[in-house]
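Undergrad: Return a 3D structure for these sequence lines:
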Amino acid sequence: MRTRTHRRARRWAAGVTAAAALALVAVTAVAQAGTSNNAQLAAAPAPAPPPGFTLTWSDEFNGAAGTGVNTGTWKYDTGPGSSFGTGEIETMTNSTANVFQDGNGHLVLRALHSGTDPRAGWTSGRIETQAATFGADAGDVVRMESSIQQPNVTTANGAGYWPAFWMLGSTLRTGTSWPTSGEIDILEDINGRSSVFGTLHCGVNPGGPCNESTGIGSGERACAGCQTGYHTYAVEIDRSKSPEEIRWYLDGANYFTLPATRVDATTWNNAVHHPFFIIYDLAMGGGFPDAFGGGPNASTVSGAQMNIDWVAVYNKKGGGTTSPPPTGTNIAQGKPTTASSTENAGTPASAATDGNATTRWSSAFSDPQWLQVDLGQTYNLTSVNLNWEAAYAKAFQIQTSNDGTNWTSIYSTTTGAGGNQTLNVTGSGRYVRVYGTQRATAYGYSLYEFGLTGTPGGSTGTVISQGRPTTASSTENAGTPASAATDGNTGTRWSSAFSDPQWLQVDLGSTRAISKVNLNWEAAYAKAFQIQTSNDGTNWTSIYSTTTGAGGNQTLNVTGSGRYVRVYGTQRATTYGYSLWEFQVFG
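TA: Take a look at the predicted model:
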């Protein structure tokens, strides 16, 4: 079992100068001649998203040869490795001797040595993303993946080398301490062992539920050819399952899975239920290499490098293997669910609304039977998704109720064919149920998933903005137009230019009373913004204002009126623009 201390996301004010680090190149030229530089091979583009995923962000490092990283996307972590809390001995620099793009679509992190003491005189590179926005919302899945060639060294000449591709929780940047904030190590290897380690760090240090500073990990796994060629390393955070889990992959093969039940709920939530920022570094020495024999030593070669072809973040709405409703968030997932009966304790009603397509509800073997979900408030429904197991309903109804007693049918059939059905419906209610009156088999009724889409309704009014003409101060690109924020589809979004202020405006067609506004932010949200109304699109009145916006899915109860309603952002929470999946006005 490895032992190591944590790798804090500290940023240092001073680093080694470019001139000093470049001088090391001549000193180490002979040593470098013995190492292979596969970074000169042609780069491959980031692959298409895996099935069910969409590409959220990627970098293929297509800069000119000898240039540093794009500092709008990445930041350098510079300073002595001894201050990172891991026992490293290198000094991290922003010099292109240590961190550079090779002109062939690769990023290179190179460790250089000067002098005669193998335990001193090392420089190397470490970078992290400016954005700390990569994660999975409740019910969704995120995948972080990179194509990397580990330093081309062996156990004979690579003692002390410690390449890493990893992530830290965004809350570390806002004051939460390590390891409470969470750290996920996607790739680590040490001493040229041609291995890979995957680890979650969480809880408290030392000890605690996550056995810090070791963490909970895969242990050493063989990684044949990882020093001499590019391989893909990935991690998926799956919040669509119950229990949630983290999965590690090498070249697409899942080699380690960590379920949330390994730790208590508070520890898991603190470590996982937030976005992350991504880090690459090539350390020298430290607690982890020391646990496997130590280094660097007199035989350690200078100039070996970690070559990175591409990095990508993919997101999947809903997760699992279900076919989700065509648009919108599943509003039934995780809500209280009951049934007329259950076949046994292993097929409870709640299994049909847990977002996991491998669990199911099944009823007693008789007619009629029903499954019911309490949405917690009245919703205007737009679709119902029924993912049937083999025991399906031939005749059934979809019914709604405001009190759980009096029911209204909004869909009915006597020719149900099972499978994965998506039904477009119109109706409203707090309670929604599927009511089966004729089974298709001798068994009961059985559903892998019962999904619903819709928008909040009831006393706060109905959505009056959906599909209305929508404009904005700017758009990031043609794929994120203003209209995407009012199309009723939480899989599309508007995003603005990367500056302040910015606004998004909807024309309701006539003056309307406004009772509520819902802002479903993407990761790039507004810290300070106003909700404003206008009768002429020129003179505006503020009906809501904040300077402490926290993003996510915000519902604001407001009072006002106007034909035009806009969200007016004055301070971004990230380096990116403003981005909304949906902007809903109720009245």
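Undergrad: so where is the stretch 201-350 of the chain shaky, pLDDT-wise?
TA: With pLDDT under 70 as the threshold, the stretch 201-350 of the chain has low-confidence stretches at 319-328.
Undergrad: Run through the strands of it in chain order.
TA: Per DSSP state E, counting those that start in this stretch, the stretch 201-350 of the chain has strands spanning 216-217, 221-222, 231-238, 245-250, 253-259, 276-284, 305-316, 337-339. These are given in chain order.
Undergrad: Serialize those to TSV and add fields for distance to residue 448 and mean neighbour count.
TA: Yep, even glycine has a C-beta here, placed from its N, CA and C like the rest. TSV is the format used below for these (distance: least, CB to CB, whole Å; neighbours: other CB atoms under 10 Å):
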stretch	distance to residue 448	mean neighbour count
strand 216-217	30	20
strand 221-222	32	13
strand 231-238	16	22
strand 245-250	18	21
strand 253-259	20	15
strand 276-284	30	25
strand 305-316	17	25
strand 337-339	13	20
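Undergrad: Identify the residue nearest the geometric centre of this protein.
TA: The central residue of the chain, meaning the one whose C-alpha is nearest the mean C-alpha position (CA atoms, centre = their mean), is residue 135 at 2.0 Å.
Undergrad: Compare the strands of the stretch 201-350 of the chain and report which one is nearest to residue 100.
TA: strand 305-316 (9.6 Å; CB to CB).
Undergrad: and the angle for that closest one with strand 276-284?
TA: Between strand 305-316 and strand 276-284, the angle formed by their directions is 160 degrees, by axes from the mean of the first three to the mean of the last three CA atoms, to 10 degrees.
Undergrad: what lines up beside strand 305-316 in the sheet?
TA: Strands flanking strand 305-316 in the sheet, each with its direction: strand 54-59 (antiparallel), strand 107-110 (antiparallel), strand 141-149 (antiparallel) (DSSP bridges).
Undergrad: For the shortest one, which outside residues touch it?
TA: What it means is strand 107-110. Strand 107-110 is contacted from outside by 39, 61, 69, 97-102, 124-127, 163, 280-282, 303-308, using CB atoms under 8 Å, 6 or more residues apart in numbering.
Undergrad: Could you name the residue of the chain that is farthest from its center?
TA: Of all residues in the chain (CA atoms, centre = their mean), residue 116 lies farthest out, 44.8 Å.
Undergrad: per-residue confidence for that residue?
TA: Predicted confidence (pLDDT) at residue 116: the value is 95.
Undergrad: Distance of it relative to residue 511?
TA: Counting by CB to CB, to the nearest Å, the gap from residue 116 to residue 511 is 81 Å.
Undergrad: repeat for residue 160
TA: With distances taken as CB to CB, residue 160 is found 71 Å from residue 511.
Undergrad: what do you get for residue 249?
TA: 55 Å.
Undergrad: one step back: is the residue farthest from the centre of the chain in a helix, a strand, or coil?
TA: Residue 116 falls in the coil class when you classify it by DSSP: H, G, I helix; E, B strand; the rest coil.
Undergrad: Can you pull the phi and psi angles for it?
TA: The phi/psi pair for residue 116 (degrees, to the nearest 10) reads phi -110, psi -10.
Undergrad: Let me see the contact set for it.
TA: The contact partners of residue 116, by CB under 8 Å, 6+ apart, come to none.
Undergrad: any idea how far residue 98 is from it?
TA: Using CB to CB, one obtains 20 Å as the distance from residue 116 to residue 98.
Undergrad: repeat for residue 160
TA: As defined by CB to CB, residue 160 lies at a distance of 16 Å from residue 98.
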